[in-house]
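> Here is a sequence with its predicted model. Questions after.
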Amino acid sequence: MEARREGEAFKRPGIFRPPSERKSYFLPLTSGCSNNTCTFCGLYGAKLRMRDIEDVKHEIDALSLYVRHGIHVAGADEIVYAVARGWDGRRVFLQDGDALVYPFPKLVDALRHLNEKFPELERVGTYATPQDIHRRSVDELRELRRLKLGIFYTGIESGDDDVLQRVGKGVTHHRMVEAGKKAKEAGIALSLTVILGLGGAEGSTRHAMETARVLSDIDPEYAGALTLTLVPGTPLYHEWQQGNFTLISPLEFLGELKTIVENSGFSRCFFSSMHASNYLSVRGELPRDRERIAGEIERVLSSGDASLLRPEFLRGL
Ligand code: SF4
């Protein structure tokens, strides 16, 4: 992990958020990602930067003055007010790639300050890698939960150890399950994402089956499928260009989605493929809606009709 050198400038990251956080206030604690080795990700190689805690608290103060009294604080970033205008006042999302990596005492300080200024706040969310979760004890996670940090958004990408190793995820199936259980023990909800197609053509079946298995083992409250989109400049894009990684076809992506829906065992999980990267959007509660969702996917698969899929130009990251 790269540590910030004192005095190093912190540049506010762009907003990259889970769909369910669209009405949140976006509060940056870090930029980049501590685990910047994932070969498919646009943050590959991006340096982790920690924001000064006093800056974070000043932003919370400025937000509070604006929301409660309409006062603009001199010197505060205009983005604070732009984001505040779309804020529902209920949720805050901590940026960036894995804000849970923010040093624990400072994270507690930031959350306390938020709670103090916005006692009506309902929930704080953050991206968290399995490695971040492992850095914290269950008691520490419980303390964060008491301060309303209520949901971790975690990219698990695949349950297949070979795929995880190949894409530089830096964590195994087993360690991801342990991290998930730890968060649940602390009462923090989990929203997990997996990436269809990450095993390439050769590893497709195993990737889908192992991904269903890791989801079942963790048993999260929310799970979402994304479809692999090759990002120019990333190592995986380069592998694809060199012919060392074969992308599966749009209908094969759907096949993986169906395998995951049919083979994952949840207590109760809201599952979706609504993300813009996907060729087909499905959503529902598993296991309750398993048959309906699998049927929706099967209808498109058996028709073989590519016009039923989201066109490439409408797909996004
Ligand atoms: S841990 Fe997540 S944000 Fe960080 S590089 Fe990997 S995929 Fe990207």
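Alright, I've got the coordinates. Numbers count the residues shown, from 1 in each chain.
> Does residue 284 fall in a helix, a strand, or a coil region?
strand (DSSP: H, G, I helix; E, B strand; the rest coil).
> ditto for residue 108
Put simply, residue 108 is helix when judged by three-state DSSP.
> Repeat that for residue 231.
Relying on three-state DSSP, one would call residue 231 coil.
> do the same with residue 47
Looking at residue 47 with three-state DSSP, the answer is coil.
> Quick check: buried residues in stretch 226-245?
Neighbour counts over stretch 226-245 (16 or more other Cβ atoms under 10 Å) mark 226-231, 234-237, 239-240, 245 as buried. (Each C-beta comes from the backbone N, C-alpha and C, glycine too.)
> quick one: it near the ligand?
No - using Cβ under 6 Å from any ligand atom, stretch 226-245 stays clear of the ligand, coming no nearer than 9.6 Å.
> Tell me the confidence at whichever residue of the stretch 201-317 of the chain sits closest to the ligand?
Residue of the stretch 201-317 of the chain nearest the ligand, by Cβ to the nearest ligand atom: residue 234 (9.6 Å). We note a pLDDT of 96 for residue 234 in this prediction.
> In space, what's closest to it - neighbours in sequence excluded?
Excluding the flanking residues, the one nearest residue 234 by Cβ to Cβ, 6 or more residues apart in numbering is residue 44, at 5.1 Å.
> How about the contacts made by the one you found?
36-38, 234-235 (Cβ atoms under 8 Å, 6 or more residues apart in numbering).
> do the same with residue 10
Contacts of residue 10 by Cβ under 8 Å, 6+ apart are 4, 28, 31, 49-52, 55.
> what do you get for residue 145?
So residue 145 contacts 186-188 (Cβ under 8 Å, 6+ apart).
> could you redo the last one with a cut-off of 10 Å?
Contacts for residue 145 (Cβ atoms under 10 Å, 6 or more residues apart in numbering) come out as 124, 151, 183, 186-189.
> roughly how far apart are it and the ligand?
22 Å (Cβ to the nearest ligand atom, to the nearest Å).
> quick thing: my sequence starts at 371, can you match it?
Sure, I'll start counting at 371 from here, so that last one is residue 515.
> Would you verify that that residue is located in a strand?
No - assigned with three-state DSSP, residue 515 falls outside any strand and is helix.
> Give the closest residue to it in space, chain neighbours not counted.
In space, residue 515 is closest to residue 557, 4.8 Å off (Cβ to Cβ, 6+ apart).
> Pretty sure that neighbour sits against residue 518.
No - Residue 557 is not in contact with residue 518 according to Cβ atoms under 10 Å; the separation is 11.2 Å.
> With neighbour numbers in mind, choose between those two.
Between residue 557 and residue 518, residue 518 has the larger neighbour count (other Cβ atoms under 10 Å), namely 18 against 13.
> tell me the mean pLDDT for stretch 398-414?
Mean predicted lDDT for stretch 398-414 stands at 93.
> Could you list the buried residues of it?
Taking 16+ other Cβ under 10 Å as the criterion, stretch 398-414 shows 398-406, 408-414 as buried.
> Just the ones of these in helices?
Counting by DSSP state H, no part of the buried residues of stretch 398-414 is found in helices.
> Run through those and flag the ones next to the ligand.
403, 405-406, 408, 411, 413-414.
> Let's have those in TSV, adding distance to residue 436.
TSV is the format used below for these (distance: Cβ to Cβ, whole Å):
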residue	distance to residue 436
403	29
405	34
406	34
408	36
411	34
413	30
414	36
